[in-house]
Every structure is written in structure tokens, then in C-alpha cells.
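Visitor: Generate a structure from the sequence data that follows.
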Amino acid sequence: MATTDKLFAGSIPELYERFLVPLIFESYARDLAKRVAEAAPKDVLETAAGTGVLTRAMTARLPAAARIVATDLNQPMLDQAAKRLDGDRRIERRQADALALPFPAASFDVVACQFGTIFFPDKIAGYKEARRVLRSGGHLIFNVWDRISENEFADIIEQALAALFPDDPPRFLARTPYGYHDVEQIRRELSTAGFAEIAIDAVNEKSKAPSPRDAAVGFCEGTPLRNEIEARDASGLEHATAQATAALARRFGNGPIEGRIRAIVISAA
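Guide: Coordinates of the predicted model:
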């Protein structure tokens, strides 16, 4: 994983929330929140909480007495999240590394993570930390993206940028968000971390955008893919976004577009 893969700063958090959250994250947040609620937790730790889409979904599902501690490695993402749910007393936000959590052992009933473990440089260490802070009988509930070929918008944008930068294609999407999908590997790593009961489901959804441009901006400018584009051409972000827009329009048309997305949901007890 490149160092810039985990860097969500500058205008990325705002664009991520504005474009990517409704594009690919909201439906899976509702699914994950439902699974969390079924565990009837009193205390929930959310790691890699980002701009708060899962946090919001959990507040809609969990009783008023439930406590949610939302953490993220990037403070700018938490700052963006606070704009939507500022003042909700059930939520505590803390900057924290999921591989070195600042909480005592056996502090939570559920650890939840929406598309965050894909960014862990050491997956087993992250799973061990989740297990450490879980109470007896607790659950780690998280999701990851399936391979990029099962996620049409991302796949088309990756190919468009490879054509734009043929000598050094940006590979952030395939490498990191869509690079951790081997269910047997995930199962082995969870077992190594000490989890015994592991359930894995594949969940298909549809990604919808008002236009190809909205989807292209979300991926090219609202994720660390932006860092890779600007590293190759400091003034080329708009051109890269335009190329991604054109590729999506060729495949789906110029109006509202819809594409296939697929995630893998894991519950470990």
C-alpha cells in the first residue's frame, strides 16, 4: 500500500461526502447498521468511520441508550462527519489508529467498520485490536469491496486513467479499496487473530449517479486516487476527471447512470 493511499485531506473529505457517499456507500451502511442492531449492543466502536455514513445509519437503528464511539485515522474526515450529526450525545468522535486503539480491553459489544479494513497495513493486527476491545460474546462486523471487475464505475475509471497515463497507470482503486476481496484470506486472518465464528456474505447493489461527471468527480477527486493523479501531472486533475467522465458516458450515456456494485460482508464473533 502506498503512503498516499490513506491520506484523506484537503478537499477530499467534502467531495467524498458529497459524491461518493450517495454513489456507493449509503446502501451498504444501511445493511451494516441493520446487522449491528441485530447484535443489540450497548457500546459500539466504529473504526475508519470516515465522514460518518455508517455512524448516521447506526443512530437511526440503535436505541437512544446505545453509545457509539466513531474513530478514524484522519481528523479531517471526522471533522466532516461532525457537520452532519453535531450535537448527538450518543456519539463520541476520536482520532485513532485501528491498529493501536486507545481503549481498554473488553470495552465494546460490537466493533463495526465500513470499507475500512482495506486500508489496514496489517490486517491481522487490526483484527487482534478489535478482538481485544470486544467484550465476551462481542462481534466484529465489517464489509469490503469485491474485486474491481464487479464494481463497474470504478473499473471503467481505472481503465480510463490507465489509458491516460500508460507509462505509469494510477492503481489506487484496484490496489487498495478493491484489492482485499479473497474471502479465504480474510477467513484465515480472522482465525489467526482469534475469531472462531465467521460468517461471510456477498451483497449486490446498484450504484446510481445523476451524471457521469458526478461519478468521475467522486472517484478522481474525492479519494486518494487524486493524490496519484496529481503526482503524475500536478495540473492534470481536471483533465483526468474529464477522461473518466467521457469513459463513463460512452458506457452508460450522458444522463443519470446506473452500474453494478458488489461487497462482501463479514461478521466474526
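
Visitor: Which parts of the chain are strands?
Guide: 43-47, 67-72, 91-95, 108-114, 134-145, 198-209, 257-268 (DSSP state E).

Visitor: and those as TSV, adding mean pLDDT, distance to Leu15 and mean neighbour count?
Guide: Heads up, the C-betas are built off the backbone N, CA and C, glycines and all. Formatted as TSV, the strands of the chain follow (pLDDT from 0 to 100; distance: least, C-beta to C-beta, whole Å; neighbours: other C-beta atoms under 10 Å):
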stretch	mean pLDDT	distance to Leu15	mean neighbour count
strand 43-47	98	22	26
strand 67-72	97	16	23
strand 91-95	95	20	17
strand 108-114	98	18	27
strand 134-145	98	19	21
strand 198-209	98	14	15
strand 257-268	98	18	19
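
Visitor: Among those strands, which comes closest to Arg232?
Guide: With C-beta to C-beta as the measure, strand 134-145 is the member of the strands of the chain nearest Arg232 (23.8 Å).

Visitor: which neighbours does the closest one have in its sheet, and in what orientation?
Guide: strand 108-114 (parallel), strand 257-268 (antiparallel) (DSSP bridges).

Visitor: just to revisit the earlier point, could you export the strands of the chain as CSV, including distance to Tyr16?
Guide: Converted to CSV, the strands of the chain look like this (distance: least, C-beta to C-beta, whole Å):
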stretch, distance to Tyr16
strand 43-47, 16
strand 67-72, 12
strand 91-95, 16
strand 108-114, 13
strand 134-145, 15
strand 198-209, 14
strand 257-268, 16
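
Visitor: which one of these lies closest to Arg35?
Guide: strand 134-145 (5.3 Å).

Visitor: Give the buried residues for the top helix by length along the chain.
Guide: In the chain, taking DSSP state H as the definition, the longest helix is helix 237-252. Buried positions in helix 237-252, judged by neighbour count with 16 or more other C-beta atoms under 10 Å: 237, 240-245, 247-249, 252.

Visitor: do the same with stretch 153-163
Guide: By neighbour count with 16+ other C-beta under 10 Å, stretch 153-163 contains the buried residues 153-158, 160-161.

Visitor: which one of those residues sits closest to Ala263?
Guide: Ala154 (11.9 Å).

Visitor: Low-confidence bits of the stretch 1-150 of the chain, can you list those?
Guide: Within the stretch 1-150 of the chain, the ranges that satisfy pLDDT under 70 run 1-9, 86.
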